[in-house]
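Peer 1: take this sequence and fold it.
(chains A and B)
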Number of protein chains: 2
Amino acid sequence: MFIIQGADVSCLYNSTIKKQIKNNMSDHSLLMIPGPIEFSDEVLQANAHPSMSHVGAPFINVFGESLELLRKVFVSEDAQPLVVAGSGTLGWDIVAANITERGDNVLFRRMVITLLINTTKQKSFETYGVTATQLKAAIGERPTSDQVEVALKERKYKLVSITHVDTSTGVLSDVKLISEVVRRVSPDTLIVVDGVCSVGGEELLFDEWGVDIAITASQKAIGVPPGLSISAFSKRAISTFNSRTTPPSSYFASLKKWLPIMQAYESRKPMYFATPPVQLIYALHASLKKITERPMSERFQLHKDASNKVKSAVRELGLKQVPTQDQFAANTMTAVYLPEGLTLPDVLPKLSQKGIIFAGGLHREIATKYFRIGHMGITATDSGRNDLDKAIQGLKEVLSEATQKH
Amino acid sequence: MFIIQGADVSCLYNSTIKKQIKNNMSDHSLLMIPGPIEFSDEVLQANAHPSMSHVGAPFINVFGESLELLRKVFVSEDAQPLVVAGSGTLGWDIVAANITERGDNVLFRRMVITLLINTTKQKSFETYGVTATQLKAAIGERPTSDQVEVALKERKYKLVSITHVDTSTGVLSDVKLISEVVRRVSPDTLIVVDGVCSVGGEELLFDEWGVDIAITASQKAIGVPPGLSISAFSKRAISTFNSRTTPPSSYFASLKKWLPIMQAYESRKPMYFATPPVQLIYALHASLKKITERPMSERFQLHKDASNKVKSAVRELGLKQVPTQDQFAANTMTAVYLPEGLTLPDVLPKLSQKGIIFAGGLHREIATKYFRIGHMGITATDSGRNDLDKAIQGLKEVLSEATQKH
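Peer 2: Okay, here's the model as predicted:
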């Protein structure tokens, strides 16, 4: 039994509490897809923060501190963080419309032949008159650093985009190695990391690895409800932006508008371009406070441990993973081929009945043949939740039942 | 005293509830600015909804139904609603990048000489190579329908944008009348309503008045935390988009991407372009369910009643309003000149100490001479909250104290 005493409190919060309970008791299954991920109570409650003025000191402090904390998450001393209402997709618009100009060449480190996220990137650049070249690799493989070197010698590229974790196949890029190659072969080329399934989970050392831009979305390893485009820009990237000869080719995504806003919030001054998503910023602040309580290296290790646990279980079940080598399998997610003879409808709905949500395949050529398990944020770092054990146990049971039927 | 019985419930929700209480007890003042507005407990709790898959049936149903309910709020039978993660500013990008093409002319019904929101609009159009003409009026005035008629006869305009409520001065446009003029004089010109301080509060009859596009943001009279760009497109607007000869000039704001997504959600099918802001959509759904429980005409009347109450009190205090005539003062907000001899620092911080937040002036030429009171959503419709009485009483006290000092 749980008692709150005091007439005032009961009058004020009675209805709120009841709704809160109803809310949490709704049919919420364990969400283990590669984003949105599970959110902590603290984060969800921050997302229910009462309405605050977007230009008042209390909110400005929260936004300003969030930017400072983000820098720690990116492991950078002086990168410029950017937090804008939107989805992860908006991040590509911000890069394409501000960093590149009509006629520029862009090199993608493309891992697979038809990849949703990379198609997004390519289309985004094409919208703004920029040519995007893709480096391809077979499914589950990744382009070698030699391939990158050859490509860089063929043409001058304004930027190289590296997908850190390919959400589609669970393949991990060696950002450190590729960055070294780019810096050596084409030192003027900017290094952009698509960190959408990585930032806050995979090891990513923005300054140390010489990254110029990293982009992500709130609902991935940052652990905040979807609705925020989150990115970081090096001084070099900002300087490239400042020296562009044409105006930014998007209005809402214009860095000319957003940079002064971010700088104002960080120096705790009010400034207006568009109303920030106040509640989501409170949620971001709550998550970043928790994340930065411990060194980022510990957090990266916890994600590796979680990944190892899931991948070991998958191996024990005799299942093959989409990445062809262990050394380039992501730590934030696991992409698993179905056992011979089973289809996704044999597995995912049964797991769902047990209150566990995995994602189906995404890569068009093999979409019906594999499924994806996300293990980011509190699912990886809070062992008290038992998310991993629950998911592994559920998978074992469902596969066993499904195999017996066949 | 308030008791929840049952061991399960107390174990599960104990920590959540405590945080909820702490949260609500944080220094939350009554927010009566022209957005963000006060949000109901139901809406805030929906914004704390546990994480759900963005392509799972439960969320698809909520998003689909939200689109259907939005149509009721716009008072339209067949407009296409659009809900995208972003701010209200994104709405202008969506219009500019999809409806107009490089070289088009656009006519603004501009009410004042330097107006933040209209500057946004103009810049947004200019980004995409569209020329924006502004119809000006003195501060507190609005251009006449004759002025609109003359302008329309001078040049062929692709669209006319009407700011329904000017957030800066609290001036209300006669959308119905201007629409009639546009339809008569230039029937091919699209009618766009900037409904950012109006949709869900001011009377706006999308179909009946022949509106083609209306845009707003979640944190205004819709009563949902900021982070959603919300708009509605007539069949004619969609057809203009479909017959454009160049591709949309923004990627993230592209209707080519978003229209199929909205149609898929409404037909309860999964489809992916960008991860929707799941929690904000739950919050939107909660607010729309409440709003559409009663006819929209009742809601519009409640906003008129609230406005009358505030404006009567302001008049009784001997204060002058920014709109020069009562007949074109908005019902969702009130813009009030300070009494002679008082400055904003004499008034707003004192109100804040009493737990009441009003907004300062926005129009550059008079910014230091007036303040703005927002009265939208539950502040206007839920008389049990006593928001209006509290605000009026606070204003009376503060002015009385400040005047005595001077």
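Peer 1: go through the lengthiest helix in chain A and flag the buried ones.
Peer 2: The residue-count maximum for a helix in chain A (DSSP state H) belongs to helix A:296-316. By 16 or more other C-beta atoms under 10 Å in any protein chain shown, the buried positions in helix A:296-316 come out as A:296, A:299-300, A:302-307, A:309-311, A:313-314. Every C-beta, even on glycine, is put in place using the N, C-alpha and C of the backbone.
Peer 1: for that helix, C-alpha coordinates in PDB please.
Peer 2: Extracted in PDB, the C-alpha atoms of helix A:296-316 (Å, rounded to 0.1, in the frame of the first residue of the first chain):
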ATOM      1  CA  MET A 296      31.500   7.600 -21.500                       C
ATOM      2  CA  SER A 297      34.100   4.800 -21.700                       C
ATOM      3  CA  GLU A 298      32.100   2.900 -19.100                       C
ATOM      4  CA  ARG A 299      28.900   3.400 -21.100                       C
ATOM      5  CA  PHE A 300      30.500   2.200 -24.300                       C
ATOM      6  CA  GLN A 301      31.700  -0.900 -22.400                       C
ATOM      7  CA  LEU A 302      28.300  -1.600 -21.000                       C
ATOM      8  CA  HIS A 303      26.900  -1.500 -24.600                       C
ATOM      9  CA  LYS A 304      29.600  -4.000 -25.600                       C
ATOM     10  CA  ASP A 305      28.800  -6.300 -22.800                       C
ATOM     11  CA  ALA A 306      25.100  -6.200 -23.600                       C
ATOM     12  CA  SER A 307      25.900  -6.900 -27.200                       C
ATOM     13  CA  ASN A 308      28.100  -9.800 -26.400                       C
ATOM     14  CA  LYS A 309      25.400 -11.300 -24.200                       C
ATOM     15  CA  VAL A 310      22.800 -11.100 -27.000                       C
ATOM     16  CA  LYS A 311      25.200 -12.300 -29.700                       C
ATOM     17  CA  SER A 312      26.400 -15.200 -27.500                       C
ATOM     18  CA  ALA A 313      22.800 -16.300 -27.000                       C
ATOM     19  CA  VAL A 314      22.100 -16.000 -30.700                       C
ATOM     20  CA  ARG A 315      25.100 -18.100 -31.500                       C
ATOM     21  CA  GLU A 316      24.100 -20.700 -28.900                       C
END
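Peer 1: how about the strands in chain A?
Peer 2: In chain A, the segments counted as strands under DSSP state E are A:2-4, A:30-31, A:80-85, A:105-109, A:131-135, A:159-163, A:190-194, A:213-217, A:228-233, A:333-337, A:356-357, A:359-360, A:370-374.
Peer 1: between those, which gets nearest to chain B?
Peer 2: strand A:2-4 (3.8 Å; C-beta to the nearest C-beta).
Peer 1: that older thread, quick one: closest of the strands of chain A to residue B:244.
Peer 2: Of all these, it is strand A:131-135 that lies closest to residue B:244, at 22.9 Å by C-beta to C-beta.
Peer 1: show me what the closest one pairs with in its sheet, parallel or antiparallel.
Peer 2: Sheet pairing of strand A:131-135 (DSSP bridges) gives strand A:105-109 (parallel).
Peer 1: nearest spatial neighbour of residue A:310, skipping sequence neighbours?
Peer 2: Of all residues not flanking residue A:310 in the chain, residue A:334 sits nearest, at 5.0 Å (C-beta to C-beta, 6 or more residues apart in numbering or on different chains).
Peer 1: save the strands of chain A as TSV, and put in mean pLDDT and mean neighbour count too.
Peer 2: TSV is the format used below for those (pLDDT from 0 to 100; neighbours: other C-beta atoms under 10 Å in any protein chain shown):
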stretch	mean pLDDT	mean neighbour count
strand A:2-4	30	15
strand A:30-31	98	22
strand A:80-85	98	24
strand A:105-109	62	24
strand A:131-135	80	18
strand A:159-163	90	27
strand A:190-194	93	27
strand A:213-217	97	29
strand A:228-233	98	28
strand A:333-337	98	26
strand A:356-357	97	22
strand A:359-360	97	20
strand A:370-374	98	25
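Peer 1: what's the closest of those to residue B:367?
Peer 2: Among the strands of chain A, strand A:80-85 sits nearest to residue B:367 (C-beta to C-beta), with 25.4 Å.
Peer 1: just the CA atoms of that closest one, as CSV, please.
Peer 2: These are the backbone C-alpha positions of strand A:80-85, laid out as CSV (Å, rounded to 0.1, in the frame of the first residue of the first chain):
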residue,chain,number,x,y,z
GLN,A,80,29.1,22.9,-31.4
PRO,A,81,26.1,20.8,-30.5
LEU,A,82,22.8,21.4,-32.2
VAL,A,83,19.4,20.4,-31.0
VAL,A,84,16.4,21.0,-33.3
ALA,A,85,12.8,19.8,-33.3
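Peer 1: contact partners of that strand?
Peer 2: Under the criterion C-beta atoms under 8 Å, 6 or more residues apart in numbering or on different chains, residues A:63, A:66-67, A:70-71, A:74, A:90, A:94, A:227-235, A:238, A:253, A:255, A:258-259, A:262-263, A:274, A:276-277, A:280-281, A:284, B:85-87, B:90, B:226-227 lie in contact with strand A:80-85.
Peer 1: sort out for me which of these are in helices.
Peer 2: Using DSSP H, the contacts of strand A:80-85 in helices are A:63, A:66-67, A:70-71, A:90, A:94, A:235, A:238, A:255, A:258-259, A:262-263, A:280-281, A:284, B:90.
Peer 1: buried ones only from those, please, as a PyMOL command.
Peer 2: With 16+ other C-beta under 10 Å as the criterion, this PyMOL line picks the buried residues out of the ones in helices among the contacts of strand A:80-85:
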select buried, (chain A and resi 63+66+67+70+71+90+94+238+255+258+259+262+280+281+284) or (chain B and resi 90)
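Peer 1: low-confidence ranges, chain A, go.
Peer 2: Where chain A drops to pLDDT under 70, the residues are A:1-27, A:107-121, A:406.
Peer 1: run a quick neighbour tally on residue A:74.
Peer 2: Burial measure for residue A:74: 24 neighbouring residues, criterion other C-beta atoms under 10 Å in any protein chain shown.
Peer 1: that one: what's it in contact with?
Peer 2: For residue A:74, the contacting residues are A:81, A:199, A:204, A:206, A:214, A:232, by C-beta under 8 Å, 6+ apart.
Peer 1: ok, the nearest residue to residue A:203 once chain neighbours are set aside - contacts?
Peer 2: Computed as C-beta to C-beta, 6+ apart, the closest residue to residue A:203 that is not its neighbour in sequence is residue A:300, at 4.3 Å. Neighbour list for residue A:300: A:201, A:202, A:203, A:331 [criterion: C-beta under 8 Å, 6+ apart].
Peer 1: may I ask which of these has the most neighbours?
Peer 2: Busiest of the contacts of residue A:300 [other C-beta under 10 Å] is residue A:201, holding 33 neighbours.
Peer 1: so it touches residue A:303, yeah?
Peer 2: Yes: with contact defined as C-beta atoms under 8 Å, residue A:201 reaches residue A:303; the gap is 4.6 Å.
Peer 1: need the overlap of contacts for these two.
Peer 2: In contact with both residue A:201 and residue A:303: A:221, A:331, A:332, A:376, A:380, using C-beta under 8 Å, 6+ apart.
Peer 1: near chain B, which of those residues show up?
Peer 2: Residues of the shared contacts of residue A:201 and residue A:303 in contact with chain B (C-beta under 8 Å from any C-beta of the partner chain): none.
Peer 1: of these - the most surrounded one?
Peer 2: Counting neighbours by other C-beta under 10 Å, the top entry in these is residue A:221, with 35 neighbours.
Peer 1: could I get the strands of chain A as JSON lines with distance to residue B:59?
Peer 2: Output for the strands of chain A, formatted as JSON lines (distance: least, C-beta to C-beta, whole Å):
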{"stretch": "strand A:2-4", "distance to residue B:59": "30"}
{"stretch": "strand A:30-31", "distance to residue B:59": "11"}
{"stretch": "strand A:80-85", "distance to residue B:59": "19"}
{"stretch": "strand A:105-109", "distance to residue B:59": "31"}
{"stretch": "strand A:131-135", "distance to residue B:59": "32"}
{"stretch": "strand A:159-163", "distance to residue B:59": "26"}
{"stretch": "strand A:190-194", "distance to residue B:59": "25"}
{"stretch": "strand A:213-217", "distance to residue B:59": "17"}
{"stretch": "strand A:228-233", "distance to residue B:59": "18"}
{"stretch": "strand A:333-337", "distance to residue B:59": "20"}
{"stretch": "strand A:356-357", "distance to residue B:59": "11"}
{"stretch": "strand A:359-360", "distance to residue B:59": "14"}
{"stretch": "strand A:370-374", "distance to residue B:59": "16"}
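Peer 1: brilliant, that's me finished.
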